[in-house]
Structure formats: structure tokens, C-alpha cells
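*Asks:* I'll drop the sequence and a predicted model, then ask my questions.
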Amino acid sequence: MLSPRVLVLRAPGTNCDHETVHAFERAGAIAKRIHVHALAEKPSLADDYQILCIPGGFSYGDDIASGRILALELKTRLGDLLARVRDRGGLVLGICNGFQVLMQTGMLVADPDGKPRASLAHNRSGQFTDRWIRLEAKPGKCVMLQGLDQPFDLPVAHGEGRFVTRSTADLEALSAAGQLVLRYATDAAGQPTNPNGSAGDVAGVCDPTGRVFGLMPHPERFLVATQHPSWNGRLDGDAFGAGLAIFASAVKAVS
Amino acid sequence: MLWEVDVLSADSANDHAARAVVRGAADLGIVACTSARAVTAWLIEGELSRSDLERVAASLLTDPVTEQFTILKLTGGASSAPDAAGTPPAATLPFPLHVLPKPGVTDPAAQSVLEAMRLLGLEAVAVRSVKKYWLPELPRADAERLAWKLLASDAIHDVVVGPLPLRALSGGRPWAFTEAEVPLQGLDDGALAKLSRERCLALSPLELAAVRDHFATLGRAPLEIELETIAQTWSEHCCHKTLGSPIDHEGPDGAVRYDNLLKETVFAATREVREALGRGDWCVSVFRDNSGVVRFDGDHDICIKVETHNHPSAIEPYGGAATGLGGVIRDVLGTGLGAKPIANLDVFCVAAPDTPAADLPPGVIPPQRLLAGVVAGVRDYGNRMGIPTIAGAVAFHPGYLCNPLVFCGTVGIMPRNSAQTEVRKGDLVVVAGGRTGRDGIHGATFSSIELTSDSESQSGGSVQIGHAINEKVLVEFILEASRQRLFHAITDCGAGGLSSAVGEMGASLGAIVDLDQVPLKYEGLSATEVWISEAQERMVLAVAPADWEKLARIAADEGVEATAIGTFTGDCLIELKWQGKVAGALDCHFLHEGRPRQRLQSRYVPLPATAPAWSATTVSLVATLLELLAAPDVASKEWIIRQYDHEVQGCSVVKPLLGPGEGPADATVVRGVLGRDRGIALGVGLRHRIGPLDPWQMAAGGIIEAVANVVATGADPDRIALLDNFCWGDTRRPESLGTLVEACRACHDVAVDLGAPFVSGKDSLNNVFAWTDAAGKPRELSIPPTLLATALGQVDDVRRVVTPDLKRPGSRLVVIGLTRDDLAGSQLEALGVVTGGAVPKIDAPKCRETFRRLARAIRDGGILACHDVSDGGLLAAVAEMAIGGQLGATIDLGKVPTLLEGGQGQHADLTIAFAESPCRFVCEVDAASADRMGEWLEGIPWAWVGEVVTAPELTISGCFGADESVAIDRLARAWRSRQAST
């Protein structure tokens, strides 16, 4: 059987592309970094890939708002490319900045008329925060979270990750639709770990098909135990990290 | 047409910037400012209609869920109507205040808007970003005070109270070529000194006389551009003027005569270590390139550089620190044929955050604001670069009030056999990256001049603002071009700009440069300004003409501007041209060898030893420990660490905060290559409190601390590379230079004894501040002599590292190393519990033995946790281990190996608990490995001192019956009590 192919889309300012490629490779895929300029010149490049991933970073510097320019570029220069990947049975994954981009494109939580029902705003603290948090998944139809039924740890590192909806009704509707698939949970001591003030503790969202998924935490930063801040003397250094399971689920789904 | 788009958060509860304004106003006593709204405003100039602007606002500038926008047309002029600033968001906030970058100051967000508008098919002429604040009715003076104290920096911002009187964002006009001669003939020393001062050249009369005489032989006066080139090349910043000088030194060991201090101390140590290593020498390129390069694994070398950016950060903390980091990243990128930056470190030395405003000399930024600014600068630049900021420290001392120190370091990795480079005759001079503006003109000479209270107004032009994304794409471009071997040599455009970069690369060949070909941010720069501008994010490459097309293609693919601006010629002449006309010409030999060296005198008289004088008040061990954990130097730096992305690239193994209780680390460790197990350990040492007492021991202690940090984590003590960063006061004084000489001597001796070579270094001198106080008296403040030592260690297998957090109840605690009466310069002294006492003394050969023995124990798997004992002494170390592991411990001070001369009873306990004797460790040892400790630690002092227990409590038994305990939770709260925020 051929290994699935993953297109890791990079733009000026993308900075988690190498470790995201590494994560997909560890999960058994063939992954390639492709620049958005190259893709815009030749959109058919994407045809060879089953998974398209927008990794973390500060695309175009994120000086206006996180993910804003890359999302605009995808919309204006690449049209419905992401939707086509999804519709032909492929998967789209956005991590951190990639999640911000997906939210801005309207792929995840838009009205039928295309207006976004939710957004990712500045953290409640007003600051960039790098910390490890605990997550709980309710995979439902979300292809890439299948099998993640126990709470797990991942790191977050962002300044604009606070999930907000236009209204409480929107939050409830998205929840009822099974799209709010990943939430910040309480840690072992029972303390909440929501790092940014997200409504409903939302950490990740999938689209109505379950084939497009975005999350603020970084699964590519927890592939092996040594990446965990408490691993030393407690975990086997060669054990797998929880993040790998997300890539493995994605790869399995398109294999 | 000039438009303004105002973007406002829809819900005022999310207006963080407004809340910060209200808080800051209260601190400044501006009581009327009880509420505010902050607006992100964009000035957009171009042939654009209102509906164009609406499209830009809706699809680019505003979040449809959380924000709203309004659009204004600016008609400018002083006669602006009161509502020319738009409609206030609330009737109670009628008063607009604008903070905007001065024309020409780098404005990354505005650049983003300009470029992104093209995606919408719209072309703007210019864009500028503005921070706009709606405030309650305030006296104008209060609004201005609020702006300048809280929101704006004089060096880079304009402040407009009321409507903006703009109708266009003015651009410059192209410069008209002129030749500006600077006559030197007939000028005596006094006149030369005056000329140097007026032109900000930082050249001595002796040096200027050499220039005068050189041009006399050519039969002409130097042109301005030539004189500026010489000033840049001969600056302290570019050529170690003082450290490389011949010096007559009078020290405790008698008179010593140096022909070149640096070569005969620091460089000599490296040479001796390498000779001793013989065929096993693992240094690759040291003190030659932009960073020091050592062997890593079979396929890779690693390199490291640490730089200071003190003077710019004192004036504009955010921009100064950001560009300091940007510069050192380019040093690594510009090493060999280009290295990939994989880790950053930052160290700040500042005055205590609670320094009263009344104690601040004029023009000095309060320490808390300064620290918040430099942290934000490193955060915004480092995070955008995608390089983990993994190591660092913050040190506090009143001497850093006017001259804060900002150290930024970067580690890089490169394929083997790419460290050596050679510019070839006929290669093109290619400049790549950001465009050139007036940024940082005179940075190199500025950093060599002492600051004065009016330097904030004088030297604003020396401050640069970073544009990280330009550097990020530059990194991608260089690494790809390097992979394809498309250039012969590379260097970064740092201090001195093109003049230094091209000058250095063409030192033996010479070059011809068409300065009018350099891409500009805006028109109007003269040839001299283009040549010496320190605009950020630029690199210079030597490219064979045959490779130019390929290289240019990669640059275009990555969105980088690369321009061929000249050729390396081979005629040993730097020839500068402007539209075909000769703008200047300099002989390479004179430029690089012509600087006259001046013999300097230095003196050092050791301070007499003092017996410790204890304060009369009795203090308990626990109360003292709690106070120490909350001391600025010791307390948790979590508020800083969390703002940095320390996980990006996925390689971190030992993080700055670790264990279930998120305690501190000694050193941090990253994998060199994703998916491989060989690691890099990074540690720093800084004994700034010892500096004023004994510069030799300060330097030696810093080195030992840095090395102890990496060894405690599991690094191989026989493969440690060192870096020196000397920051000193006014070394023109023999007494001050004397302390610098002593520190250099210490570096030599300790490096040789440890077998740890120095591979790179940098100095920042003249960190002195002069002002006139309220009584009209001239005052001066100098930093304490400060050496930052950095240790770059290597870990064979990252799965075998150890961290300081306690792991397992039932395991035993060991103290390694001797505790003495080392109280001088300790945190205990800073608390006022004791004054004087012995200065910690380094016995480097013994330290090496300790490091090797400990490394053996770690390698054999006998150690569960290990912590280097430093600030706050033994009890602080044990407390930090317990905080990280969320476990309790017992410690019996009576069992600690000591060699005490004075002090009985309570003073003996305090000494054992808190003295800062060097080269000591606390280790947690698995009960099963306990039997082997004697074998592992044979020949060095060590003892069992306690146990790890489940109950979260630290129990301390003193030598004389004292028995105290404290909950780990309380220790943790004390340690975390200083979580300042911005």
C-alpha cells in the first residue's frame, strides 16, 4: 500500500513546518513542505496529496491579526482549493496559526451565508503564553481525533487563541452540531487549564463533515515522552506522546 | 488621498490596551483618566475610494466577530474641525490621542497592510499604523505626560494630541550627488577631538591624526563617506579596541606587559586547550567567523554567539532588545556557509524593579518598564522567528540603573564541512533582505560612547526597530541557497552596516560598490547614509556570477529581495560609486591595519578581606529561606519564560520550567536534530555581585557556574565550549581597566584548567552614565564589572539527562562539594542578614574533578535529580528541587561537608544553609544506587544529608538543635511572589 501524502503548506513566517512534516512522517505518511506562492502559481500541485496541513507560525508576521493575510491569500488566489481537498475525501488540518487561518477562511464555523459565527481573539491575559495544558476530546465525527478518548497533555503557544462566538446561541449550536470536539480540561489537581479564556473551554473545532479540523495546541510538539516537561524520571524517554495519535488518526483515515 | 481606518474591539471588556492605559494613568497620578478605549488605526494613502477602503477594512483589518471599524478622510491642516478625529466611542471619552511611528521608522504592520492590499487588487502609496486612544477630558499636559511616560518612546514615536493634522504621508526626494570633504590638515589634537565629538565618530585624536596623515600622503582631504567608513571599522564595537590593546598591568602578581590582552589571555587559553586535545580537538572555527563553531555529531557542527545590545536597549527597550536578538540570529546565519538557528538565550541585568522614581536620573527609563520592554522585544522577535528561547537569566543590581545590560544569544547547526568560506575575486557583492533606511545610523560608534542624560534626544537615530518576518524569510532563503552551495561567503549587516560587512568580506580583495543600486525604504538617503545605515534584516553574500541567476530565483520564491550591488575586485581598494561617479575610495590595508594602537595602563589593588558582620536581629532559617526565594535574583521568572515560545522546532528536552510543580532548571537541553538523540545543553553564569569585590573571582565564578549548570543536566564535562561577554564601566581609567585585565586572566586560567575552550566572545565597554543632579552636582554611575559566561555543552543521549525536580519518595539526598564561609556577594548579604565574609574562591582543577565524577554518576544512571547550588545557597537549591517535584525533603545541615572558620550556633547554620560556595550540587539518589556513590565520588567531598519524602514539607535540622519545617506550598508561593506583568 502506498503511504498517504501530506502537503504541509508554508507561507512567509510559517515556523512549525519542519516538525509537522516530521510528525506526519513518524505517523507513516510522506510529507512535503510547499510554499503558498508555488501553490498559487500551480494549484494542481495539491492534487497529489490526501492531507493538507497548515502548520503553526506567524504567517506574514501576523502583525494585523493572526492568520488574516494567509486566509485572504487562500481565498483570493486559491479559491476553493481547501474545499476541494475535503470534498474529494481528503483532510485539512490547521494547527495554531493554521487553525487561525482556517477560522478566517470560514471553512470551519461559517453561517450558510458564509459569515463566521466564531473567531479566535487575543488571549484573556493579553499576552502570548507558552504552557502545557490538559485536553479532553469528544471525537464524534472528527476524523483526526478518533481514538483519543482519554484526557491528554499538549503544549499551547499563542497570543490569539481565545475562542469566541457571536452569541451564546452560536456556541450552543456549534456544540450541538458536534463541532466543538476538543476542549481544555482540568489538570490532575483539579485546576482548570484553559490558557486563554476560550468560551466553552474550546481548544479545537471541526467542520460539519469532520474532515477539516483546527486546534490551538501543538500536537507536533508531543510525539515522544521527552517533549513533556515532567518526563524526566517519570516516563520512558522512548514512549510515544499523545500528539502522535492525531497524526496517526489522520494518516489512517486516508490510507 | 489620505484615509484613516479605525478598528475598535466591539466589546470594551476585551480592550486590554485601554485597561493598561487606565492602570498606567493611575500610577502616574492622572486621576481623571478613569476609562479609555484603544483603537488600532491605519493611515492609508492612495488613489482609493471609500468603497475600496470599506473592502480593505472588512476583509483585511477587522475581525467580523470581535471588532468594528469606522472610516475617516483626513484633510489635514491645523484648522481641522474638532470632529476631524472621528466620532468618540462614548460621550465620556471625547479626547483623541495618537501615537505613531516617526516617518522612516520601521512599521511592520503597515508594511503588511500595504502588501496584503494587493491581494484585493488595490495599490496604496503609503500606509502607517497608529495607536489611537480615546480619553476623558484631560489637561493637555496630562495627556502628553501619559503618552510619553506610558505609550510612546521619544526615539521612534510622534505623539499628536487631538485630531491628526495630516493630509499626506510624506516621502523623501532622491539625494543629489555631492562630494563632502572633511579637511583634517593642520588640525591639532584638540581640534580633532572636537571634530570626532561633533561628527559622532568615537575616534581618538591619535586615530584621527593617523587618518589625517594617511590622506596627506594621498594629497587630498578625506571625504565624509571615507571618514565614516574608518570610524565604523575602527570602532570599539567592530574591533575589540581596548581588549586588543597593548597594556601595562600592575596587579597582585606584580607587573605584566601585554602586547594584545585578548590574544594573550582568552585566545591563548583556547590555543592551549586545543593543543592539549591534539587529534581529539573538536573546535572547528573559533574567534574568526561571526560565531564560534565546534564539532557536534558525524554530520553536523554547531555554532554559538552571544551579543550585547545595551545602549540601544537603554534608549528604546523594545526595539533595542528585538534587534539585539535579530542581530545575533544573523550572526549564526552568517557563519560559515550559513547555520540554521535552533535556540536562543537572553540575559538581562537591570536595577531592582521597585527603584523609586525619585532615584532615577533624568532620561533613565524606570527598571520595571525597561524590563517589560526588553522581554516584549525578545518575545515578539524570537517567537516570530520560530526559534525557541530556552535559556536565560535576569540579574538585579543598582549599578544597572542607567546602563542596563541586554545579552542575546543564538545556537545554530550546520552540515559538517561548511564552516570554511572564501570570497573569490570576481564574486558579486549581493545584499539580501530588508531595504535600507536611515535606521541606526551611527550604531557602531554610538555603542562605544558613554550615555549621558540627554542621549535619549541625541541618539534616537541610532535605534533600530526590528521586522522579524523579513528575517524569517531571509533565513529560509539563505538555508536553501546554502544547501545548493550558491555563495562563497556570507556575513550579516550589523554594526556599521554595509561599510563593515563589505569591508570585512573584501578585506583582502577589495570591492567596488554601486551604492545607488541598494534598494531603499524611502528616497533621500545620501551615499554615506546608504553605506553606514544599520537597517536590520540584511545579509551580504559573495556570489559567483554564474550562480547569481539561480540564487536570485530562490530569493524571489521565498519573497526576499536580493540585489547585486558590486564586485569583489582583487585590487585591495574599497571603491564606492553613485550613478557611475566615484563617491569614495579607501585602501583596504589602511582601513584594516592602519589604526594606531595605544599602550594603555592598568592597575588592580585587591580589596582587603573582611570578616562577616552579622545583623543583631535573629532570623529563623525558614523565614530567611522564604525571603531569599522571593529575592529578585532568585524568584521565579515564569512571567518572562511563558511569554517565549520555548517549544517551537520540537527539540526541547529539558525546558526552563519543569516537573509537576514547574520548578526551575539549571541548564536547558535541546536535541540537535529532530528525531536524533544527541543533545545540546545551554547554561549561563553571572556573578555580578562578586564583580565589585574581586573581578578575578567574579569571572572565574561565572564560568564555573555556567559549566556546573550544564554538567548538572548530564552534559559531558570534556566537551564544553565557553563564551565570554565582558560588560564594563569606563575602561579609560587604569583602575577600571585593571579589573578587566584581572577578569581576562581568570578566563584564561579557568578555561585551561577545565579544558574548556572559549569559542567566541564580545565586549561592551564604557557602560557609564553621567548626569547633573537636582543640586547641580555632576554625578556618574557605572555598572559593576560583569562577565556573562555561557557554556555550550553536549549530551550523548538526551534520554539520560537529569533535571532538578525531586522524583521519588524514599530516595536519598547528597550534597557534593565543600561549603565555606562564602558570604560576600551572597543573596544573604543582599538581604542584610550579614555583611562581608569571604569571597567565594575558585579552585578550577578541583572543579574539573568534581564535574567529571558527577558526570560519571549521571551517565551510569545513579542520579534521579541534580541541582547546581548557586544564588541563595544550599537551602534555596533544595527548596527549588522540592517545588519542581511537588515532594517533601529532610535536610540535616550538620551533615553537610564544610570547612568553616568562623561562626558558631545560629550563624554557622545560616552559613551552611545560605553561603554561596562554588561548585556544589544537591543530588537525589535512588536508594538502590546508594552503595555506588562512594565509588563514583571518590576523592571529592560529599555526604548524605537527607531524604525525599511524600509529605509536602521541607524539614531542616540545624547543627545546634534548630529544627524547623515549612510547607512546600509556602516555598512555592514565596518563589512565585514576583510575577510582574507588563
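*Replies:* On my side now, so go ahead. Numbering: from 1, shown residues only, chains lettered A, B, ... in the order given.
*Asks:* Give the burial count for residue 43, as a bare number.
*Replies:* If you meant another chain, say so; for now it's chain A. Neighbourhood size, A:P43 [other Cβ atoms under 10 Å in any protein chain shown]: 15. Yep, even glycine has a C-beta here, placed from its N, CA and C like the rest.
*Asks:* Please refer instead to chain B.
*Replies:* 24.
*Asks:* what's the pLDDT at it?
*Replies:* pLDDT, B:L43: 95.
*Asks:* was I right about it contacting B:V125?
*Replies:* No - in this structure, B:L43 is not within contact of B:V125 by Cβ atoms under 8 Å, at 10.9 Å.
*Asks:* show me what contacts the residue in the stretch 601-750 of chain B that chain A sits nearest to?
*Replies:* Chain A sits closest to B:G650 of the stretch 601-750 of chain B, with a gap of 3.6 Å, by Cβ to the nearest Cβ. Going by Cβ atoms under 8 Å, 6 or more residues apart in numbering or on different chains, B:G650 touches A:16, A:18-19, A:22-23, A:220-221, A:223, A:227, B:674.
*Asks:* switch to 10 Å and redo it
*Replies:* When contacts are counted by Cβ atoms under 10 Å, 6 or more residues apart in numbering or on different chains, B:G650 touches A:16, A:18-20, A:22-23, A:155, A:218, A:220-224, A:227, A:243, B:388, B:670-671, B:674-675.
*Asks:* Repeat that for B:G594.
*Replies:* Counting by Cβ under 10 Å, 6+ apart, the residues that B:G594 touches are B:207, B:210-211, B:213-214, B:230, B:233-234, B:586-588.
*Asks:* now B:G292
*Replies:* B:270, B:283-286, B:302-306, B:335, B:721-723, B:757-761, B:792.
*Asks:* cool, B:A838 as well?
*Replies:* Neighbour list for B:A838: B:609-612, B:693, B:697, B:820-825, B:901-902, B:911, B:915, B:917 [criterion: Cβ under 10 Å, 6+ apart].
*Asks:* count of neighbours near the residue nearest to B:P785 when sequence neighbours are not counted?
*Replies:* Distances taken as Cβ to Cβ, 6 or more residues apart in numbering or on different chains place B:G691 nearest to B:P785, at 4.0 Å, with adjacent residues excluded. Look at B:G691: counted by other Cβ under 10 Å, it has 27 neighbours.
*Asks:* List the contacts of B:G691.
*Replies:* Residues in contact with B:G691 (Cβ under 10 Å, 6+ apart) are B:397, B:399, B:697-699, B:701-702, B:727-729, B:739, B:743, B:783-787, B:825.
*Asks:* Among these, which ones are in strands?
*Replies:* B:727, B:786-787 (DSSP state E).
*Asks:* Show me which of the contacts of B:G650 are buried.
*Replies:* With burial judged by 16 or more other Cβ atoms under 10 Å in any protein chain shown, the buried subset of the contacts of B:G650 is A:16, A:18-20, A:22-23, A:155, A:218, A:220-224, A:227, A:243, B:388, B:670-671, B:674.
*Asks:* Could you list the low-pLDDT ranges of the chain?
*Replies:* If you meant another chain, say so; for now it's chain A. Across chain A, the ranges flagged by pLDDT under 70 are A:1.
*Asks:* Chain B was what I was after
*Replies:* B:77-83, B:170-172, B:442-463, B:902-904, B:980-982.
*Asks:* For chain A, what is the nearest residue in it?
*Replies:* Using Cβ to the nearest Cβ, the closest approach of chain B to chain A is made by B:G386 at 2.4 Å.
*Asks:* That residue: what's it in contact with?
*Replies:* Contacts of B:G386 (Cβ under 10 Å, 6+ apart): A:13-19, A:56-58, B:341, B:468, B:472, B:475, B:645, B:648-649.
*Asks:* Nearest residue to the residue of the stretch 601-750 of chain B closest to chain A in space, ignoring adjacent ones along the chain?
*Replies:* The shortest distance from B:G650 to any non-neighbouring residue, by Cβ to Cβ, 6+ apart, is to A:E19 (3.6 Å).
*Asks:* Output the contacting helices and strands for the strand or helix carrying the one you found.
*Replies:* Following DSSP states H and E, the helix or strand that holds A:E19 is helix A:17-26. The elements that helix A:17-26 packs onto, with contact taken as 3 or more Cβ pairs under 10 Å, 6 or more residues apart in numbering or on different chains; DSSP states H and E, are strand A:5-10, strand A:30-35, strand A:51-54, strand A:91-95, helix A:243-254.
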